[in-house]
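Visitor: When you get a sec, could you give me coordinates for this:
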Amino acid sequence: MTSRRTPTGAAVLQPQVTAAITEAALDELAEAGYGRLSMEAVAKRAGVGKSALYRRWPAKQDMVLAVVAELGVPMAATPDTGSLRGDLLAALTAFRDFLTHPRFARIVPDLIAESARRPELGVAMAELLGEPRRARGAVLLRRAIERGELPADTDLELALDLVAAPVFWRLVARRAPQEEGYLDSVVEFLLRGLSAGAPALIHGEGGR
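Guide: Residues are numbered from 1 along each chain as shown. Have a look, this model is predicted:
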């Protein structure tokens, strides 16, 4: 049997090289910021040639958003705890951990600031990071509707904004400390606002 050989000149994307580049890109992005980050610096930190980066991504923006989304999207946890209260607490805890992650605590505000100056970056960031994370959050809310914990006509887009906003505002916009029990208080506040008219929560069933 004749073994298949990779055609001459074909790019072989070795997983260990991709992993090294991903780690280097995140470290460089956290330290230097998007504006000062260069493909050369990432390649040097990863111990590879610059061509290894360009075989994977055509430009800096593509590389940055790919590596951020690769880790950032899975960090949007949506475990099924059996209740909206439990699901919200798990989701907000994961969101808090994302925003306070040693790397992402610096990367996320920097990318948001850069997006104001580079609209194309903002559009791409929403597509690759924001929307996939919101899609995971929508799963949580739809489960609550199916359980009867939220009204069937709940505005999911508005609800997603309300769920994320307090934690984002406190940690990113205000840079304020997070007291013990803060997330529990946010969850209770959200439950009162989101569940108006839902029989399961009115009768206390949703928190069990």
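Visitor: Mean confidence (pLDDT) on stretch 182-194, please.
Guide: Regarding stretch 182-194, the rounded mean pLDDT is 94.
Visitor: can you give me the offset of it from its chain's centre?
Guide: With Cα atoms, centre = their mean, to the nearest Å as the basis, stretch 182-194 stands 21 Å off its chain's centre.
Visitor: in that stretch, what's buried?
Guide: Tyr182, Leu183, Val186, Val187, Leu190, Leu191, Leu194 (16 or more other Cβ atoms under 10 Å). For the C-beta atoms, the positions are set from N, CA and C on the backbone; glycine is no exception.
Visitor: before we move on, what about stretch 95-109?
Guide: Burial within stretch 95-109, assessed by neighbour count using 16+ other Cβ under 10 Å, is assigned to Phe95, Arg96, Phe98, Leu99, His101, Arg103, Phe104, Ala105, Ile107, Val108, Pro109.
Visitor: Tabulate these (TSV), appending secondary structure and pLDDT.
Guide: TSV is the format used below for those (DSSP: H, G, I helix; E, B strand; the rest coil; pLDDT from 0 to 100):
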residue	secondary structure	pLDDT
Phe95	helix	95
Arg96	helix	94
Phe98	helix	94
Leu99	helix	94
His101	coil	93
Arg103	coil	94
Phe104	helix	94
Ala105	helix	94
Ile107	helix	96
Val108	helix	94
Pro109	helix	95
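Visitor: what would the residues you listed look like in a markdown table with distance to Gln14?
Guide: Listed next are the buried residues of stretch 95-109 as a markdown table, based on distance: Cβ to Cβ, whole Å:
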| residue | distance to Gln14 |
| --- | --- |
| Phe95 | 33 |
| Arg96 | 35 |
| Phe98 | 29 |
| Leu99 | 32 |
| His101 | 27 |
| Arg103 | 23 |
| Phe104 | 26 |
| Ala105 | 31 |
| Ile107 | 25 |
| Val108 | 29 |
| Pro109 | 33 |
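Visitor: now the nearest residue to Tyr182 once chain neighbours are set aside: how far from Glu180?
Guide: Nearest residue to Tyr182, sequence neighbours excluded (Cβ to Cβ, 6 or more residues apart in numbering): Arg170, at 7.6 Å. In this view, Arg170 and Glu180 are 14 Å apart by Cβ to Cβ, to the nearest Å.
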